[in-house]
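Asker: Starting from these lines, generate the structure:
(chains A and B)
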Amino acid sequence: MNQFEYANPATVEEAVALLSAKWGETEVLAGGTDLISLLKQGIAQPRLVVGLKNVKSLSGIEAKGGAVRIGATTSLKDFIANKDVQSNFPGLVTAARNIASQQMINMGTVGGEILQRPRCWYYRNGLGLLGTKDGKSLIETGENRYHAIFANSGAAKFVHASSLAPGLVALGASLQIQGPKGARTVAAGEFFAAPKSETERESVLAPNEILTAIEIPAAGLKNGVYEIRQRTGLDWPMVAAFVAFKDNGGKAQDVRIVLGHVAPTPYHSKKGSAALEGLPITDASLANAAEAALSEATPLSGNKYKVPQAKVAIRRAGLAAPT
Amino acid sequence: MATVNWPDPSHRSLIGARISRLDGPQKASGAAKYAYDVNRPKMLHAKILWSPHPIAKVTAVDTSAVEKFPGVVAVYVEKDKKGEFPSVTYAGEIIAAVAAETEEIAQEALGQFKVTYSDIGQPLMVDRDPSKASGRDQEKLEGTPDEAFKTADKVMEGYYGLPCITHCCLESHGQVSEFKDGELSVWPSTQNVSGFAGAFTSDLEISADKIHVDTQYMGGGFGSKFAADKWGVICAKLSKQSGRPVKLMLERAQDQMIAGHRPSTYGNVKVGVKKDGSIVAMDFDVWGSGGMQTYRMPPLPYLFTKNVPYRTKGRGILTNRGLIRAWRGPNHPQAALMTICALDDAAAAIDMDPITFFKKNLAMTERAEEYAEQIDKAAELIKWKERWHARGDKTAGPIKRGVGLSIHTWGGAGHPSNCSVTINPDGSVVGRLGTQDLGTGTRTVCAIVLAETLGLPVDKVRIEIGKNSLPISGGSGGSTTVGGVSSSTRDAGTNALNILLTKASAKLGVPADKLEAWQGKIQEIGNPSKSMTWAEACGTLGSMPISAEGANPSASGVKLTSGGVGGCQMAAVAVDIETGIVTMEQLVSVQDVGVVINTKTAESQLFGGSIMGITYSLYEEAIYDPATGTMLNPDFEFYRLAGLGDIGTLTGHFMTDAKYESRGVIGIGEPAVISQGAAISNAVANAIGVRVPELPLTPDRVLNALTGGKFA
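Answerer: Numbering: from 1, shown residues only, chains lettered A, B, ... in the order given. Reported below is the predicted structural model:
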C-alpha cells in the first residue's frame, strides 16, 4: 500500500469536488471491503481517498411514491433487514445474503457492492484490468474458467462481480449520480459498461461522480435469484440468474432474465426473456427460456461448463420467485 | 521402582482421557504469542521484492532510490555465493529486501527498487502433458505383469490425477530476528526448533551456540517449515546490518508462491481382475511435476504389493513454479488416489461392492487383518450397507448420493527426543524439551505423560518447550512428534520419580521397588494406607531439587513407540448433477494409532486431517497463467479452502485394543490426511455413475465427466 491523503467530507458536493476527473488519481471509500484490498495489493494507487462515512445523506432506505430508495452507503446488513426491501424484492435479499460472509455484509455497502471492481485473477494479480500482454489477451489462451461466456469478444473478458446488479437491472432500478455539474439518473440497464481500455471502468460513472442512491420501482414484479457457487461460505459465484416478471393470472408478463458472472456487465437476456413471455412459470417453460438465453453464449476455452450451469440457474431462479 | 512401560489401561488416570489443550485459552484469547505477534523494542519491518518473471536473469539492481526513501533503514540485495544475482526460475523468486520503520513504509519502498531483467523466457507451467517429461524414467517391474494380464477376465484402464497444491499455513512463514552483542535471537514460525540454528552460522558468521531460537506457538507447518529459508536468513542479516530487531513475515501471496508446493501426479492405470474379484496384475504409467526439482514417483501400487505382478513408470516434468516441500504424508495421497480409485473402478467393472473387492485382495497388503477390521468398523459407522448402491444413484432428481472408501498406511514412529525433568522440594515439577507445538497439542501431550508418570493432576506439572536451549528433540515431521516426546517424557519422568522413590522409601519403610506414584501420593503398590502425599515425599529432598534425563529411545531398552499404522476412510457425498457441485455429507476416519495419549487432540488430528483432505479433494489447485507464469490464486479467495459449511459430519474412531496398543505411541498427523482424495472421488463415482478423473472435484470437472468430455 502506498501512502495517500485521506479526506472525510460531510456533504456529497464536497466529496464530488475532491474527486479527480481522471480514473485512478482519487478513489471513493465506502465500506472498504474491496478498496482496502486493492490498496494493499498496490492495484489501486490513488493520491487521495475520499471517505463517505460522514456523508450522512447517502445512507438509509425510504419507500415512497411507488419505489424504494436505497442510499448508496446503506450497509448490506441494513438492506437485508429492511421490511420494504424484503416484501418487494425477495430476490435481492437472497442475492445479498448469498454474499455469505457476515463481515462483508456488515461492512459492505449497497453502492460499493455494485461498484466493486472485477474479481478477475489477471486483474487482481497485477496483469491489468483486461489481462493483456503485448496487446494480446492472456485470458483467451490462459486460465479463463471463471471468465465471460457472453460479450467476451471485446477487450474485457472478466465477469461483473456484483451480486445485486443483475437484480437491479431486472427490476428496472435507476441509479442516482452526483457529479460536478449536478445530479443525473441512469437506468440500471444502461449503467454498466464493459471497459475498452485499461483506463476505463465498468460503468458509465465518471471518475468525478458519486453514486448516491438506487431507486427500485415497487412494481409488484415477482422475483427470484439462484446462484451457483462452490462453497457455502464466502465464494464468488460461477453463475447467477435473476428472474423477474409480472404475474398475470398465472402467466409471466414483462419477463426479465438477467444473468450475473457471465459477462463483463450484468447480462440481460432479451432472447431468454422473450421465450418466457406469456407463459406460466414451470420447469419446462423456464428450461425452454434457458435454452433460448444460452443459445447465444460464446464460451472461452475453459468455461463451457458455465453454459449448462447458467441454464440451471435460470430454471431455479424462476422457480424461486414466490408466486 | 517405576518402569518406563506405558501403564496398563486399567491403571491410567490421564493417558487416553479427553483433555483440552492446556494452552487452549491462550490460543483462543490471543494471549499466545506467535512469531507474528513478537514485537521487540525499536523493531524494524522487512518486506521482500520478488521477480514477476518466471524465467529471467537479473542484470542490475539499483537501490539508490530505496536507500533514500524516508523510513528505510536497511537494504538487502540477493546474490549467490559467487556474488552474482539470482537466475530466476519461477515467479516469486527473491530479488531484494528492505527493512523500514513501519510495515507500510517497507511495502511502499519495494516500489523504489529498479531491477533490470534480461533473457525473460517463456515458462513451462503445464504438467499434464507427459511428452514434456525430462530426466530419467523411474521404473519398477515385479513379476511378469504382461503374462498375468492375459489371465484377467477384465482389464480396467483409467486415467487419474491431482494437481499441484500449496500448504496454506494460516500463519505465513517468517520470523523476528534480533542480532545484539554478537548473539542472534530468532522467533521463527518453525516445526524444527532444535534443528533451526544451523542455517545462520555461515551466512552470518556466528557460531551456533550464540543463536537462540524461541517458538512458543506456531500456526501450522504441514511439512513446509523445517528450515530457516532464504527469507529467514535475510531477516537475520537485515538485523545484523541495522543493529535493530527485524520482523519479516511473508505476505500471503508470497507464501503461496514460494513457501511450498505439493507435487502433482497424473497417469494411466491398468488393473487386471478375475470375475471373483482377485487382482491379477497392475500397470502404472504416471507423470507429474515437482517444479524445478526432481519429481519422485509415489509408492505405486499403493499398499497392494505382495504376490502381485506389476509395472510402474514415473516421469518428471520441470515446471517454473516455487519450491516443492514435504506436504503432510508426502506422496501418499497421490499414491492412494492413483491406486485406490483404479481398484474401485476395477470393482465397478465386475459389478462388485468395493468392500467385498478390497477385502478379497487384502492379503496383498502388509496388514490384511487390521485393514479388514478397520473397513468393517468404518462401514458400520457410515452405514455402508444402507448407503451403498451399484454405480449411479438411480433416485429421481438432480441430487445423487454415493459412498466411497480408501485405505492407507504410514510410519509414525517417534523421532529421537530428549527430555529433562526437575522435581522441586516444594513439589513443583517441570519437564523441558526442545520440541515445538505446531498447533496439535504437543505441550498438552507432554504434560499428560509427565503427570501420569508422577501420579499428579495434569495442571500440577509444567512443560517448557519451544527453545533450542532445551534438551534436543526432533523436528515435527512425518508424524514422529507424539511418539518421540511422549517416550522421552515418560523416560525422564520415570527416572526422576525413581530418585524420589528412593528418598521416600526410607521414610515409608517400604523398599523403593515396591512404591508407586498414584493419585497425588507415593504409596506402597496398590496400598494407599501405606503412603505419603506428593508434597511430603518432595519434602524429603531437603533444599536440593532432583532432576533426571530421559530419551527416545530409552536407555532402559524399553520401546515406547513404533511405526506402521493402517487406516480406513469412507466418504458419503451428494452431487448436484445439474450444477456439478459436490457436497460432503460425512467422512469417517478409522485409524490404527497405538496408545492414545490424549483422545481429544488425537481426534482433532483426524478431524483436521479430514478438513484438509476434503479441501484438496474438492477445492485446492495452484493455478498459474501459462503464458506469464504468474500464480493466479495466491490468496484464499480463488485458492479455496473448505469452511465449516463445506465439511459435512466428521466421524473418528481409533483401533485401540491390546493388539494395536502393544506397539506403543504412534503419530497420526499424516495418515489422517491420506485417504480422502480416493475415498471422496470413489463416493462421487458411486453417486453419479462415472469417474471424475482429476482432483479437485470441481463443478466443471464433474459436468465434464457426466457429459463424456463435452466441457473440456
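Asker: which other helices and strands contact the one helix or strand B:Y159 maps to?
Answerer: In the assignment (DSSP states H and E), B:Y159 maps to strand B:154-162. Applying 3 or more CB pairs under 8 Å, 6 or more residues apart in numbering or on different chains; DSSP states H and E, we find strand B:154-162 packed against strand B:265-273, helix B:332-349. Using the backbone N, CA and C atoms, a C-beta is placed for each residue, glycine as well.
Asker: What residues does chain A have near chain B?
Answerer: Contacts of chain A with chain B, taken as CB under 8 Å from any CB of the partner chain, map to A:1-3, A:41-42, A:119, A:121-122, A:124-127, A:133, A:138, A:141-143, A:145-146, A:228, A:230-236, A:238, A:302-305, A:308-309, A:312.
Asker: Name the residues that touch the single longest helix found in chain A?
Answerer: As assigned by DSSP state H, the longest helix anywhere in chain A is helix A:306-320. Contacts with helix A:306-320, where a contact means CB atoms under 8 Å, 6 or more residues apart in numbering or on different chains, come from A:91, A:94, A:149, A:224-228, A:238-243, A:257, A:259, A:262, A:272, A:276, A:281, A:283, A:286-287, A:289-291, A:293-294, A:297, A:299, B:578-580, B:699, B:703, B:711.
Asker: Please spell out which residues along the top helix by length along chain B are buried.
Answerer: In chain B, assigned by DSSP H, the helix with the most residues is helix B:481-508. The neighbour-count check on helix B:481-508 (16 or more other CB atoms under 10 Å in any protein chain shown) flags B:481-505, B:508 as buried.
Asker: got it, and stretch A:6-18?
Answerer: Neighbour counts using 16+ other CB under 10 Å place A:A7, A:P9, A:V12, A:A15, A:V16, A:L18 of stretch A:6-18 among the buried residues.
Asker: and the residue nearest to B:E670 when sequence neighbours are not counted, what does it touch?
Answerer: Of all residues not flanking B:E670 in the chain, B:G329 sits nearest, at 3.7 Å (CB to CB, 6 or more residues apart in numbering or on different chains). Contacts for B:G329 (CB under 8 Å, 6+ apart) come out as B:H408, B:W410, B:E670, B:P671, B:V673, B:I674.
Asker: just checking, which of these belong to strands?
Answerer: Of these, the ones assigned to strands by DSSP state E are B:H408, B:W410.
Asker: between the contacts of B:G329, which is nearest chain A?
Answerer: Using CB to the nearest CB, B:V673 comes nearest to chain A of the contacts of B:G329, at 19.5 Å.
Asker: about what we covered before: got the angle for the strand holding B:Y159 vs strand B:265-273?
Answerer: Counting by axes from the mean of the first three to the mean of the last three CA atoms, to 10 degrees, strand B:154-162 lies at 160 degrees to strand B:265-273.
Asker: okay if I get the contacts of B:G329 as a markdown table plus neighbour count and distance to B:V176?
Answerer: As requested, the contacts of B:G329 are exported to a markdown table (neighbours: other CB atoms under 10 Å in any protein chain shown; distance: CB to CB, whole Å):
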| residue | neighbour count | distance to B:V176 |
| --- | --- | --- |
| B:H408 | 30 | 38 |
| B:W410 | 25 | 34 |
| B:E670 | 28 | 30 |
| B:P671 | 29 | 34 |
| B:V673 | 30 | 30 |
| B:I674 | 29 | 35 |
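Asker: Redo the contacts of B:G329 as JSON lines? Include pLDDT.
Answerer: Listed next are the contacts of B:G329 as JSON lines, based on pLDDT from 0 to 100:
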{"residue": "B:H408", "pLDDT": "98"}
{"residue": "B:W410", "pLDDT": "97"}
{"residue": "B:E670", "pLDDT": "97"}
{"residue": "B:P671", "pLDDT": "97"}
{"residue": "B:V673", "pLDDT": "98"}
{"residue": "B:I674", "pLDDT": "98"}
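Asker: which ones among the contacts of helix A:306-320 are found in strands?
Answerer: Going by DSSP E, the strands hold A:G224, A:V225, A:Y226, A:E227, A:I228, A:V239, A:A240, A:A241, A:F242, A:V243, A:I257, A:L259 from the contacts of helix A:306-320.
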